[in-house]
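Novice: fold the following.
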Amino acid sequence: MRRLLAALAILAAAAMLAGALYWFFTRGTKAYDEKALFAPLPESVVFIDRFRTLDETRWSVSDGWSNGDFMDNDWRREAISLTPTGLAITMRRNLPELGRDKPYMSGELQSREAFQYGYYEASMRLPPGDGVLSAFFTFTRPEGASTWEEIDIEFVGTRPRYMEAVYHLHGRSVGKRIHLGFDPSQAFHTYGFEWTPDALRWYVDNRLVHEVRDPRLARMTRPQQLIVFLASASGLAAWLGELDRSKEPWVLHVSCVAHARQYDGVSLCARPHGAG
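Specialist: A predicted model of the protein is given here:
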């Protein structure tokens, strides 16, 4: 009898331990996850788009034209698709029977609305290979170079572990090459920039990586469209390198694009609750 009672006591203790472990790994974790899941977004958020659908009231899809003779690709709606991870922009050869002027086709999205100051962010996984340009930026150029204003996040396949932070202001271009410390073609990361009247700041995975303070930025006042694209340009081979055709097709994956009126110290695309 004593042995039976001892065995029952051991079983009861084991059951209590199992229950405690279950609570810790499920209920405790669930409570933490729910707190993160339902934490309020900053009031400054304008939109967060995770591309579960393609919202054409927000985005214009470039189709049937190119940016000029220096480009190897034209823009085609068929290069844009939706996947389980969001938006995919695919660059591949134009079939000869289609009679198109460019050897390749690719995709570009432009925001229908123009924005001014604030924080802009995208979560992306980049295509590898020389000669490929992946870009997330704001842009306006209503009347030639004297009105050209642009803020860039650019990735050149020839330098796969670097991000280029660039701005263009009325014919003057300033940029910095930033070492990422990882291969951006292997996983999604968040890339963002903040535009204020007197400064520009670039972020990678919510970490400040570059800041510019320039009195001339006070002249950057025009609202700009938000653009994301994948391209190749033999006319820019000195910068991009020669296109590595063995990597075809090239796919830029974009799981999220977001904009807020100011940077509130948090990544918008990395937050699990911010569906746009």
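Novice: and residue 216, that one's in a helix?
Specialist: Yes. Under DSSP: H, G, I helix; E, B strand; the rest coil, residue 216 falls within a helix.
Novice: got the contact list for it?
Specialist: Residues in contact with residue 216 (CB atoms under 8 Å, 6 or more residues apart in numbering) are 169, 172. In short, each C-beta sits where N, CA and C put it, glycine included.
Novice: can you give me the helices for the stretch 151-276 of the chain?
Specialist: 237-240 (DSSP state H, counting those that start in this stretch).
Novice: list the beta-bridge partners for residue 138.
Specialist: Taking DSSP bridges as the rule, residue 138 bridges to residue 151, residue 226.
Novice: so how far is residue 86 from residue 73?
Specialist: 21 Å (CB to CB, to the nearest Å).
Novice: those two: which is more packed in?
Specialist: A count of neighbours by other CB atoms under 10 Å puts residue 73 above the other of residue 73 and residue 86, at 28 against 20.
Novice: contacts only, for that one.
Specialist: 66, 91, 102, 103, 104, 105, 106, 231, 232 are the contacts of residue 73 under CB under 8 Å, 6+ apart.
Novice: tell me the bridge partners for residue 173.
Specialist: Taking DSSP bridges as the rule, residue 173 bridges to residue 168.
Novice: okay, and the helix or strand of this structure with the least pLDDT?
Specialist: helix 29-37 (a mean of 37; mean pLDDT, DSSP states H and E).
Novice: let me know the pLDDT of residue 220.
Specialist: pLDDT for residue 220: 97.
Novice: swap in the one 5 residues further on?
Specialist: If you check residue 225, the pLDDT there is 98.
Novice: give the contact list for it.
Specialist: With CB under 8 Å, 6+ apart, residue 225 has these contacts: 110, 111, 113, 114, 115, 138, 139, 140.
Novice: go on, residue 88?
Specialist: Contacts of residue 88 by CB under 8 Å, 6+ apart are 80, 81, 82, 251, 252, 253, 254.
Novice: bridging residues for the residue positioned nearest the centre of the chain?
Specialist: Residue closest to the mean C-alpha point of the chain, counted by CA atoms, centre = their mean, is residue 122 at 2.5 Å. Applying DSSP bridges to residue 122 gives these bridge partners: residue 191, residue 257.
Novice: do I have it right that it meets residue 252?
Specialist: No. Between residue 122 and residue 252 there is no contact under CB atoms under 8 Å: 10.1 Å.
Novice: shared neighbours, these two?
Specialist: Contacts common to residue 122 and residue 252, judged by CB under 8 Å, 6+ apart, are residue 228.
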